[in-house]
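J.: Provide a 3D model corresponding to the input given below.
(one chain, ligands or ions: 1)
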Amino acid sequence: MRKIKSGDTVMIMRGRYQEKGKTGVVERVEDQRVYVKWMRIVKKALKGKGFVEKEAPIDISNVMVVCPSCKKPTRVGIEQKDGKRYRVCKKCGAKLDK
Ligand SMILES: [Zn+2]
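T.: Got it, this is the predicted structure:
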């Protein structure tokens, strides 16, 4: 089970990113990388069409989920109940998924 999903709010905790310490919403998760909306914008050249601005990936180990209950960046725990697995905030214990 993935600890970070699209739609999560994450904070960039470490790494050489200009956006360190900022929060954003995950758009896409790919293997060990996440794309966060409006974070790490890079300009990409399009043939004959100038440039587009796009998100560059961030290593998943450099971000933490911001808990919607306690509003703090937290590690994610996985709990199991009635055969269902769900993600919980390690700080306050709140469920991260509705
Ligand atoms: Zn929490």
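J.: Tell me where this structure has helices.
T.: Taking DSSP state H as the criterion, the chain contains no helices.
J.: how about the strands in it?
T.: 9-12, 23-30, 33-36, 41-46, 50-55, 58-59, 63-66, 73-74, 76-81, 84-89 (DSSP state E).
J.: and this structure, which residues reach the ion?
T.: Residues of the chain lying close to the ion by CB under 5 Å from the ion are 67, 69-70, 89, 91-92, 94. The way it works is simple: take the backbone N, C-alpha and C, and place the C-beta from them, glycine included.
J.: hmm, back to that, how about the strands of the chain in CSV, adding mean neighbour count and mean pLDDT?
T.: Output for the strands of the chain, formatted as CSV (neighbours: other CB atoms under 10 Å; pLDDT from 0 to 100):
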stretch, mean neighbour count, mean pLDDT
strand 9-12, 20, 97
strand 23-30, 16, 96
strand 33-36, 21, 97
strand 41-46, 10, 91
strand 50-55, 11, 91
strand 58-59, 17, 96
strand 63-66, 22, 97
strand 73-74, 20, 97
strand 76-81, 12, 94
strand 84-89, 15, 95
